[in-house]
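**Student:** The following block contains a protein sequence and its predicted model.
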Amino acid sequence: MLQAGRLVQFGPPEDIYHRPADPFVARFTGLAGEIPGVVTGVAGDEVTIRVTDCEVRGRRHGSVKTGDRVGLAIRAHGPQARTVRR
C-alpha cells in the first residue's frame, strides 16, 4: 500500500485489511469509524481498552501496552473491532 509515493504497508491483502499498519491504511480499506481509548490490560493476544465509561476486549494487533492511547477501529460490515495504534 502506497501513500503519496511512500510504502506504508506491504503484505497479502488479507493482512492489510485485518491488520492495518496505521490509520491511513485502515481508512483506505473501509474503516467506518474510530473511537479513542486507552489500553487498560494486555494478556497474550487479548487487549482491554477503556472507551469513555466502558471497557472493550478484543484481539491485540501490534505491540500495544497498558497505558497506550489507541483508536478502536470499527468496520461497518460486521461486529468486529480492531485496534489501530495512533
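**Tutor:** Right, received. Where do you want to start?

**Student:** Settle this for me: Val56 is touching Thr48, isn't it.
**Tutor:** Yes. Val56 sits in contact with Thr48 when judged by C-beta atoms under 8 Å, with a separation of 7.2 Å. Where C-beta positions appear, they are placed from N, C-alpha and C, glycine not excepted.

**Student:** shared neighbours, the two?
**Tutor:** Here Val56 and Thr48 share no contacting residue, scored by C-beta atoms under 8 Å, 6 or more residues apart in numbering.

**Student:** quick one: the residue lying closest to Val39 once chain neighbours are set aside and Thr48, what's the gap?
**Tutor:** Once flanking residues are discounted, Val39 sits nearest to Asp68: 4.6 Å by C-beta to C-beta, 6 or more residues apart in numbering. Plainly put, Asp68 is 12 Å away from Thr48 if you go by C-beta to C-beta, to the nearest Å.

**Student:** what does Arg60 give?
**Tutor:** For Arg60, the distance to Thr48 (C-beta to C-beta) stands at 10 Å.

**Student:** For the chain, just list every one of the strands.
**Tutor:** Along the chain, counting by DSSP state E, strands occupy 2-3, 6-7, 31-43, 46-51, 54-59, 69-75, 81-85.

**Student:** Show me which helix or strand of this protein is least confident by mean pLDDT.
**Tutor:** Ranked by mean pLDDT, DSSP states H and E, the weakest helix or strand in the chain is strand 81-85, scoring a mean of 58.
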